[in-house]
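Student: Let's see this in three dimensions:
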Amino acid sequence: MSIFVGEVLADGIVFAADKNITISKLDGQGNVVSTVQEPGSKILRWPKRKALLGYVGCGQVGGQTMQEWLYDFMGEHIEFTEPEVVANEMRDRLQSNLGGPGAAASIVQFATFARREGHIVPEFWHITNIHGLTATGDYDPPSDSFIASERLLGVHLNQASPANIRGCLRSCANQFRPFWFHQGLDLAVFNTLSEAVRQAFVALQGAGHLPPPQTLADWERHARMLVLIYGAYFEAFGAPGQRYVGGGADVLSIPWPQDL
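Tutor: This next block holds a predicted model:
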């Protein structure tokens, strides 16, 4: 697996992820005999900053890397107008290519903006064959089937409406608690580290050592920091071949559009 950070803000949406991709070598019976990490990218941005894609889990679809597969998929949906159509098409394609018994765990995040009830709102789509978390915060085993669901309005931001969602997101950011989605390996560990980092930066801001983030570029730096911190954790404590998170960080963002 990897680590992925998605933050939804009043100024736009930020995606960040580490760059390590784990490659497993198998013996003739299909058993893993060794693993290594190679650099790659796990997040992509639509042309004209229209949307973002990110993934954790399964790194290959057929004969393509997941990055290549997502790039091709994005190319087929360059001028999309309805996010739900894109998410459902991706669900069906992943089901066809990866679904069924024994499927590897796969999570794809798709974020963009849409017009709802006359207002521009962010949408954050979750396309996956993992249907839940255990009581300890670990992922359930992968299911035979992929699902696609929008996770903001009516779900995690169920108190917000299209009319006030931007204000709600601004309030979260002003408290240095941006609305986030985290996906990846050992989420309980990552969330513990990221909360400690957040508290450290609150102290730094309070002491005047660092200004609070004001722009999308500022929030990109903080998302990068979270990914790099987790990479450092694996660098310090992971055995060779088991540094599943690391290799640096990629960060991309899209601004809140003026119109759609």
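
Student: which residues of the stretch 1-150 of the chain fall in helices?
Tutor: Ranges of helices in the stretch 1-150 of the chain, per DSSP state H, counting those that start in this stretch, are 66-76, 83-98.

Student: Scan this protein for its longest helix.
Tutor: helix 216-237 (DSSP state H).

Student: sorry, back to before: Serialize the helices of the stretch 1-150 of the chain to CSV and add fields for distance to Ser194, mean neighbour count and mean pLDDT.
Tutor: Using the backbone N, CA and C atoms, a C-beta is placed for each residue, glycine as well. Converted to CSV, the helices of the stretch 1-150 of the chain look like this (distance: least, C-beta to C-beta, whole Å; neighbours: other C-beta atoms under 10 Å; pLDDT from 0 to 100):
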stretch, distance to Ser194, mean neighbour count, mean pLDDT
helix 66-76, 24, 17, 95
helix 83-98, 26, 18, 96
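
Student: Identify whichever of these lies nearest to Trp180.
Tutor: Proximity to Trp180 (C-beta to C-beta) singles out helix 83-98 among the helices of the stretch 1-150 of the chain, at 19.4 Å.

Student: which residues touch the closest one?
Tutor: Here helix 83-98 makes contact (C-beta atoms under 8 Å, 6 or more residues apart in numbering) with 51, 58, 61-62, 69, 73, 77, 80, 104, 106, 108, 110, 112, 114, 123, 125, 127, 129, 145-148, 150.

Student: how about the helices of the stretch 1-150 of the chain, which one is nearest Ile165?
Tutor: The closest of the helices of the stretch 1-150 of the chain to Ile165 is helix 83-98. By C-beta to C-beta, the value is 15.0 Å.

Student: And Pro162, how far from Val121?
Tutor: According to C-beta to C-beta, to the nearest Å, Pro162 stands 5 Å off from Val121.

Student: Now restrict the contacts of helix 83-98 to buried residues only.
Tutor: With burial judged by 16 or more other C-beta atoms under 10 Å, the buried subset of the contacts of helix 83-98 is 51, 58, 61, 69, 73, 77, 80, 106, 108, 110, 112, 114, 123, 125, 127, 129, 146, 148, 150.

Student: circling back: where's the longest helix of the chain relative to the chain centroid, distance-wise?
Tutor: Averaging C-alpha positions (C-alpha atoms, centre = their mean, to the nearest Å) puts helix 216-237 14 Å from its chain's average.

Student: Remind me what the helix or strand just after that helix packs against, helices and strands.
Tutor: Next along the chain after helix 216-237, taking DSSP states H and E as the criterion, comes strand 249-255. Packing contacts for strand 249-255, counted by 3 or more C-beta pairs under 8 Å, 6 or more residues apart in numbering; DSSP states H and E, involve strand 12-18, strand 43-45, strand 51-57, strand 106-116, helix 216-237.
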